[in-house]
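K.L.:
Take a look and give me a structure for this.
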Amino acid sequence: MKADCPRILIAGDRSSSGKTTIVAGLLSALRGKGLKVQPFKVAMDYIDPSYHTWITGRSCRNLDGYLMTDAAVREIYAHGTKSADIAVIEGVRGLYEGYDGDLGSTAQIAKMLRAPVIFVVDARSITRSAAAIVKGYMDFDPQVQFKGVILNKVGSERHAQKAIKEIERYAGVEVVGVIRRNEEMHLAMRHLGLVPVLEGKTRHEGFPERVDKIRQIVEEGLNLDRILEIAGEAEPLPEVQPDLYRENTLGQGLCIGVAKDEAFNFYYRDNLEMMELAGAKVVPFSPVHDTTLPDVDGLYIGGGYPELYARELSENAGMRRALERAHERDLPIFAECGGLMYLAREIEWDGEKREMVGLVPGKARHGKVRVVSYVHGQIARDCPLGSAGEAIMGHEFHHSEMVMDENVKYAIRLERGTGIKDGWDGMCEGNLVASYTHIHSASFRGFPGGFLRACKER
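P.N.:
Numbers count the residues shown, from 1 in each chain. Got it, this is the predicted structure:
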């Protein structure tokens, strides 16, 4: 696979620098020029990619230097950029923030993909200091290719000109955009970050109009022609030999039901695509709206916000009964995070208790802390995810906790991470596995193969 698509990476000096909103506007502006824009997101976030996918019409792909090998990162990039005119990669947190040194950082991905970096600086109340920030970031790692700066949250034209003059004088890098301080440059937030697109479109009045306004502001503030030139200057990457994206017959003839609606929409496109490449058919269904399950050989219930749709999920007794019957038939079921909460006996959130499916012996409730972490460990017992002894890596991202019954069986023993209880994750009963751990097919190569085998052997 060729990997020579023009590309830029948008990085920030810190979290909340404004890069996510700027990227959303930039993607929309480039799409408005008639370009096929391929988005990527550094790290394993689901919510930012939901915006990228909606805006560009192309599935956003995640890139993570901790969970993925160099070869996997390059292959995902090459695969994603097929037929694209330009790739836009959004960084995570500050440019150099990683799990351990460079590992897992935006800078690591920038170097892996030799991507020109456009650096977003929160310039509120600073001018000459902005130059010091840019110069310091540039000198910290000379292997990172700084090609442009965007000044965000600028107060006035005079403010902008002073900052531009000092950055170009002391750091020697051009300023390719200025975004003025504007309350319309905000997207709705909550306890796990931005509101996902599916929810924003259904629950937030004026949501598409707000995103369009951001596009207009970004178009006015950025030098799009220069940004396209910088992307075109990216050096070609070596061709990639397919390893992840290879067709096989493991899932031939299988139908896999995937819960997808406002409550459940945290999925990596790669996970679903691997099922399809194995010959399986992915069949969406809605735990919020549907009262029956489709005719499938296995169920995948991903993450999301079931706590916000607890009333609708609880009142949909038909779907809850259908899931009970599926488990009684020993249908393989894999549930991640939000799916784990939904399959519990109840969700208790902000003073309200709602009955859920009841396949997981415990209840979900609002946790005391937000958990954001890489996880790694081993599969401790044979289950639909794989065989005992297999290493597993992933991440967890939630603000809930599980209160479990005693003597529950678990399938995953964590060496790093929180999991459900005492370092255990992956509640396991028959062909059901429900975990806080989110997995990606490049971080745990056993998925979806192990799950598809369980569906075929049932």
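K.L.:
next structured bit after the one helix or strand Ala132 maps to?
P.N.:
Using DSSP states H and E, Ala132 sits within helix 128-140. Of the helices and strands lying after helix 128-140 in sequence (DSSP H and E), the nearest is strand 146-154.
K.L.:
Make sure Gln119 is actually in contact with Gly136.
P.N.:
Wrong residue type there; residue 119 is Phe, not Gln. No: the criterion here is C-beta atoms under 8 Å, and Phe119 misses it with Gly136 at 11.2 Å. (Glycine included, C-beta is placed from N, CA and C.)
K.L.:
higher neighbour count, these two?
P.N.:
Remark: of Phe119 and Gly136, Phe119 carries more neighbours, 29 against 11, as counted by other C-beta atoms under 10 Å.
K.L.:
any idea how far Arg226 is from the residue lying closest to that one once chain neighbours are set aside?
P.N.:
In space, Phe119 comes closest to Val149 once its chain neighbours are excluded; the distance is 5.1 Å by C-beta to C-beta, 6 or more residues apart in numbering. Distance, Val149 to Arg226, using C-beta to C-beta, to the nearest Å: 12 Å.
K.L.:
so what sits against both of those two?
P.N.:
When contacts are counted by C-beta atoms under 8 Å, 6 or more residues apart in numbering, Val149 and Arg226 are jointly contacted by Glu174, Val176.
K.L.:
what about these two, which has more around it?
P.N.:
The residue with more neighbours, out of Val149 and Arg226, is Val149; 30 against 16, by other C-beta under 10 Å.
K.L.:
Mind pulling the model confidence for the more buried one?
P.N.:
On the pLDDT scale, Val149 is placed at 98.
K.L.:
where exactly do the helices run in the stretch 1-150 of the chain?
P.N.:
All helices of the stretch 1-150 of the chain, identified by DSSP state H, counting those that start in this stretch, fall at 19-32, 47-56, 70-80, 106-112, 128-140.
K.L.:
Flag every buried residue along the third one.
P.N.:
Meaning helix 70-80. Within helix 70-80, the residues scored as buried using 16 or more other C-beta atoms under 10 Å are Ala72, Val73, Arg74, Glu75, Ile76, Tyr77, Ala78, His79, Gly80.
K.L.:
May I have that helix as PDB, with CA atoms only?
P.N.:
Output in PDB follows, covering the C-alpha atoms of helix 70-80 (Å, rounded to 0.1, in the frame of the first residue of the first chain):
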ATOM      1  CA  ASP A  70       5.300   1.300  14.200                       C
ATOM      2  CA  ALA A  71       4.300  -1.000  11.400                       C
ATOM      3  CA  ALA A  72       0.700  -1.000  12.500                       C
ATOM      4  CA  VAL A  73       0.600   2.800  12.700                       C
ATOM      5  CA  ARG A  74       2.000   3.100   9.200                       C
ATOM      6  CA  GLU A  75      -0.400   0.500   7.800                       C
ATOM      7  CA  ILE A  76      -3.400   2.100   9.400                       C
ATOM      8  CA  TYR A  77      -2.300   5.400   7.900                       C
ATOM      9  CA  ALA A  78      -1.700   3.900   4.400                       C
ATOM     10  CA  HIS A  79      -5.000   2.100   4.500                       C
ATOM     11  CA  GLY A  80      -6.900   5.100   5.600                       C
END
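K.L.:
For the top strand by length along the chain, the averaged confidence score.
P.N.:
Taking DSSP state E as the criterion, the chain has its longest strand at strand 360-379. The average pLDDT within strand 360-379 is 96.
K.L.:
Distance from the chain centre to the helix or strand that comes right after it, please.
P.N.:
Note on strand 360-379: by DSSP H and E, the next helix or strand toward the C-terminus is strand 391-404. With C-alpha atoms, centre = their mean, to the nearest Å as the basis, strand 391-404 stands 15 Å off its chain's centre.
K.L.:
for stretch 56-67, same thing?
P.N.:
7 Å.
K.L.:
Just the buried positions in it, please.
P.N.:
Of all the residues in stretch 56-67, those buried under the rule 16+ other C-beta under 10 Å are Thr56, Arg58, Ser59, Cys60, Arg61, Asn62, Leu63, Asp64, Gly65, Tyr66, Leu67.
K.L.:
Show me those that map onto strands.
P.N.:
Taking DSSP E as the definition of strands, these contribute Arg61, Asn62, Leu63.
K.L.:
Bridging across strands, which residues link to the first one?
P.N.:
Per DSSP bridges, the residues bridged to Arg61 are Phe40.
K.L.:
Tell me the spacing between it and Ile89.
P.N.:
Arg61 is 9 Å from Ile89, by C-beta to C-beta.
K.L.:
what sits in contact with each of those two?
P.N.:
Pro39, Phe40, Lys41.
K.L.:
coming back round to it: now what about the helix holding Ala132, what contacts it?
P.N.:
13, 95-96, 119, 121, 123, 126, 144, 146, 149, 151, 162-163, 166-167, 169-171, 173.
K.L.:
Now the buried members of these.
P.N.:
When the contacts of helix 128-140 are checked for burial by 16+ other C-beta under 10 Å, the buried set is 13, 95-96, 119, 121, 123, 126, 144, 146, 149, 151, 162-163, 166-167, 171, 173.
K.L.:
Could you look up the SS state of the residue lying closest to Leu26 once chain neighbours are set aside?
P.N.:
With C-beta to C-beta, 6+ apart as the criterion, Leu26 has its nearest non-adjacent residue at 5.6 Å, and that residue is Val218. At Val218 the chain is in helix, as set by DSSP: H, G, I helix; E, B strand; the rest coil.
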